[in-house]
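# Here is my input; please provide its structure:
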Amino acid sequence: MATPSLFSTDNLSLPESLQEAVEHGEVFTRAWVVELILDLLGYTADKDLSDVKLVEPACGGGAFLAVVASRISASCQAHQRPITDAVGAVRAFDLLDRNVEQSQALVTEKLQEEGWEPKDARRVATAWVQQGDYLLQSDAEHRADYVVGNPPYIRLEDVPDDRMAAYRRACSTMGGRADIYIGFYEVALRSLNHSGQLGFICADRWMRNQYGRRLRQLVTRDFSMDLALVMHDVDAFDEQVSAYPAITVISNKPQGAAVAVDTNRSFGAEQAGDFSDWYLASEAPAVTETSYQAARMPHWFPEEDSWPAASPARLAVLEDLTERFRLLEDTETGTRVGIGVATGADKVFLTKDKDLVEEDRLLPMAMVRDTTTGTINWDGTRLVNPWTASGDLVDLAAYPRLASYFEKHGEALRKRYVAVKQPQRWYKTIDKVDHHLTRRQKLLFPDMKLRIHPVLDEGGLYPHHNLYFIVSDVWDMRVLGGLLLSKVAEAFVEAYAVKMRGGTLRFQAQYLRKIRVPDAAAISESDQAALAEAFDKRDVEAATEAALRVYGLAELPD
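Predicted structure coming up:
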């Protein structure tokens with residue numbers, strides 16, 4: 001953590017570029033949303049709130065502080081304590097002088113309205129709200145039982161270079177093109193006392209995109225993801241913004257039960273109160289109302305590379321399957337997911353001329369267009385293959401026709417990055433060819449498709465790089481094909497994959513690897529036959545019906 005003596009903004013004017021960025025990143029939260037977050041955390045007036053510490057990292061105009069002040073006031077009155085006993089109960093920071101002054105004035109006014117003496121109200125407000133950069137404060141200023149707020153929405157590259165460097169030193173999760181809120185999550189989480197809770201309303205993109213990976217890893221390893229409440233269409237802020245917000249509650253404890261929630265634009269203060277009551281009751285496993293749906297899960301998802309996006313009911317099913325079944329790719333079963341060969345120059349390396357070079361230098365290739373019908377219809381495309389069976393590049397002197405062909409296209413081949421990097425290997429493809437793969441049965445998946453589309457190659461073709469493949473030592477590939485044709489398997493990919501325009505999914509290796517499957521030997525003969533038949537007939541409904549039995553599911557919720 002960087003030291004405050006070097007980077008604190010106390011008594012310093014902000015660089016104009018940072019002030020503009022901060023002002024641009026200010027999005028103020030509606031009072032009912034603040035009430036909801038505090039209720040979800042159990043930060044309520046029936047508790048003695050003077051004896052716990054709440055921190056707000058970026059208080060803005062005081063939307064959170066106004067509600068916090070009201071609750072602390074009610075708590076002090078209920079427990080017969082003076083408001084000055086709560087002078088250390090809150091610590092709020094903001095970079096902008098005007099926000100600090102506005103928040104102090106708002107807290108003072110709120111406490112006076114609650115009946116406290118003006119001098120005591122002012123003393124408390126001044127102690128609570130300080131100018132400072134939360135990301136660069138000392139650890140002692142951070143320790144908290146609760147951290148709440150709406151972190152600023154600022155791209156890290158919009159921050160001045162020296163401060164950006166300080167942020168990166170202070171926050172190890174701030175990798176790549178991270179939004180600055182990533183750092184707020186990290187510092188807040190590391191500040192929590194045992195069983196302390198974080199409650200933020202913030203953009204939810206960190207749960208799935210690349211720059212949030214380190215933060216997901218931190219949460220998965222050290223904390224409990226308790227709640228993800230998606231509010232993309234809810235009027236949660238004083239201004240209309242495209243922020244894809246979600247409320248997240250994360251605790252400093254081992255991972256326990258988790259709740260997933262989705263809302264629509266009719267979700268407001270009344271519905272928030274109803275949901276809070278359901279959430280805190282810890283009874284019903286799911287609830288569906290007009291404005292929201294929610295589901296409880298025994299755990300959150302264990303992987304940190306990406307978290308799924310789906311309806312709460314479907315997330316609950318996927319979490320259950322994640323807990324009960326093994327990953328598709330598994331060294332014990334010899335099941336592997338991979339991608340076909342990338343050449344770096346398809347116009348040179350791919351041909352339909354079977355007499356172009358020596359016969360043993362032409363490798364039959366499976367192309368996306370060969371898989372369209374659901375069965376392989378090979379169009380005759382071959383790879384001009386520079387690799388030997390042992391994985392070495394061929395000696396061109398032993399293949400004069402191949403040598404002549406490559407030299408004819410030598411200028412184009414040598415310009416490729418892979419050739420510039422290794423000039424003596426200028427005629428290699430980007431990827432090596434694994435000749436064992438050619439002979440094996442394998443399921444092929446086109447990269448982009450509206451629906452999952454496994455196609456069986458009985459052996460003899462090598463996949464192009466727009467095709468992903470699955471091979472296995474234990475699976476009957478028609479049975480596995482039926483399982484993967486089902487909507488259950490597709491649900492995994494749909495939850496994790498990048499969605500293209502028109503709803504097209506990317507069936508890339510990292511998403512196929514998310515699929516969970518049962519033990520092949522545990523599937524009954526009748527279900528094996530049903531899956532294989534469904535695969536042969538390309539019958540998605542029959543495949544799904546059999547898959548539901550195999551997975552022990554009554555249904556697959558939308």
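# can you give me the strands in the stretch 351-500 of the chain?
Here the stretch 351-500 of the chain has its strands, by DSSP state E, counting those that start in this stretch, at 362-366, 382-384, 442-446, 448-449, 455-457, 462-463, 467-471.
# So in that sheet, which strands flank the fifth one, and in what orientation?
This points to strand 455-457. Paired neighbours of strand 455-457 in the sheet (DSSP bridges): strand 442-446 (antiparallel).
# chain center to the strand it pairs with, what's the gap?
Strand 442-446 sits 26 Å away from the centroid of its parent chain (CA atoms, centre = their mean, to the nearest Å).
# what's that strand in contact with?
366, 368, 371, 376, 452-457, 459, 463, 466-471, 477, 480-481, 484, 507, 512 (CB atoms under 8 Å, 6 or more residues apart in numbering). For the C-beta atoms, the positions are set from N, CA and C on the backbone; glycine is no exception.
# Please work out how many residues are found near the spatially closest residue to residue 219 that is not a sequence neighbour.
Closest residue in space to residue 219, ignoring its immediate chain neighbours: residue 225 at 5.7 Å, by CB to CB, 6 or more residues apart in numbering. Counted by other CB atoms under 10 Å, the residues lying close to residue 225 total 23.
# Then residue 108?
23.
# and if you look at the one 3 residues further on?
Each residue near residue 111 was counted by other CB under 10 Å, and the total is 25.
# coming back round to it: of the strands of the stretch 351-500 of the chain, give the one that comes closest to residue 76.
Nearest to residue 76, of all those, is strand 448-449, at 60.2 Å by CB to CB.
# and that closest one, which strands flank it?
Taking DSSP bridges as the criterion, strand 448-449 forms sheet pairs with strand 505-506 (antiparallel).
# in the stretch 51-200 of the chain, which segments are predicted with low confidence?
139-141 (pLDDT under 70).
# quick one: the strands in it?
Counting by DSSP E, counting those that start in this stretch, the stretch 51-200 of the chain has strands at residues 54-56, 90-94, 129-131, 144-149, 192-203.
# Who are the contact partners of residue 403?
Contacts of residue 403 (CB under 8 Å, 6+ apart): 396, 397.
# same question, the one 10 residues further on
By CB under 8 Å, 6+ apart, the contact list for residue 413 reads 345, 348, 406, 419, 426, 427.
# about what we covered before: out of the contacts of strand 442-446, which are buried?
Buried subset of the contacts of strand 442-446 (neighbour count, 16 or more other CB atoms under 10 Å): 366, 368, 371, 452-457, 463, 466-471, 477, 480-481, 484, 507, 512.
# if we can go back for a sec, for PyMOL, write the selection for the buried entries among the contacts of residue 413.
The buried subset of the contacts of residue 413, as determined by 16+ other CB under 10 Å, is captured in PyMOL by this line:
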select buried, resi 345+348+406+419+426+427
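# Please convert the strands of the stretch 351-500 of the chain to CSV, extending it with distance to residue 87 and mean pLDDT.
What follows is the strands of the stretch 351-500 of the chain, written out as CSV (distance: least, CB to CB, whole Å; pLDDT from 0 to 100):
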stretch, distance to residue 87, mean pLDDT
strand 362-366, 72, 98
strand 382-384, 74, 98
strand 442-446, 62, 97
strand 448-449, 60, 91
strand 455-457, 69, 98
strand 462-463, 68, 98
strand 467-471, 61, 98
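# Of those strands, which is nearest residue 80?
Here strand 448-449 is closest among the strands of the stretch 351-500 of the chain (CB to CB), at 66.4 Å.
# Any idea how far the closest one is from the middle of the chain?
Relative to its parent chain, strand 448-449 has a centroid offset of 21 Å by CA atoms, centre = their mean.
# what's that strand in contact with?
Under CB under 8 Å, 6+ apart, the answer for strand 448-449 is 500, 504, 505, 506, 507.
# Just the closest of those residues to residue 178, please.
residue 506 (23.0 Å).
# For that closest one, give me its contacts.
Counted by CB under 8 Å, 6+ apart, residue 506 has contacts 447, 448, 497, 498, 499, 500.
# could you dump the strands of the stretch 351-500 of the chain to JSON lines with distance to residue 545?
As requested, the strands of the stretch 351-500 of the chain are exported to JSON lines (distance: least, CB to CB, whole Å):
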{"stretch": "strand 362-366", "distance to residue 545": "29"}
{"stretch": "strand 382-384", "distance to residue 545": "39"}
{"stretch": "strand 442-446", "distance to residue 545": "20"}
{"stretch": "strand 448-449", "distance to residue 545": "22"}
{"stretch": "strand 455-457", "distance to residue 545": "20"}
{"stretch": "strand 462-463", "distance to residue 545": "30"}
{"stretch": "strand 467-471", "distance to residue 545": "22"}
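# Would you mind telling me which of those strands is nearest residue 94?
Of all those, strand 448-449 sits nearest to residue 94, with 45.6 Å by CB to CB.
# can you count the residues close to residue 272?
25.
# Look at it and tell me its secondary structure.
At residue 272 the chain is in helix, as set by DSSP: H, G, I helix; E, B strand; the rest coil.
# Need the pLDDT of residue 21.
Reported pLDDT at residue 21 in the predicted model: 43.
# correction: residue 243
At residue 243, pLDDT is 66.
# What of residue 484?
We have a pLDDT of 98 for residue 484.
# Over to residue 250?
If you check residue 250, the pLDDT there is 98.
# Identify the bridge partners of it.
Residues in beta-bridge contact with residue 250 (DSSP bridges): residue 198, residue 225.
# thinking it is in contact with residue 198, fair?
Yes. The pair formed by residue 250 and residue 198 meets the contact definition of CB atoms under 8 Å, at 4.7 Å.
# For residue 122, give me its contacts.
Residue 122 touches 104, 108, counting by CB under 8 Å, 6+ apart.
# correction: residue 430
So residue 430 contacts 341, 342, 343, 344, 416, 418 (CB under 8 Å, 6+ apart).
# from these, which would you call buried?
For the contacts of residue 430, a burial check counting by 16+ other CB under 10 Å picks out 341, 343, 344, 416, 418.
# ok, the second one to residue 384 distance?
So that's residue 343. According to CB to CB, to the nearest Å, residue 343 and residue 384 sit 9 Å apart.
# what residues are shared contacts of those two?
349, 350.
# what's the overlap in contacts for residue 250 and residue 198?
Common neighbours of residue 250 and residue 198, counting by CB under 8 Å, 6+ apart, are residue 189.
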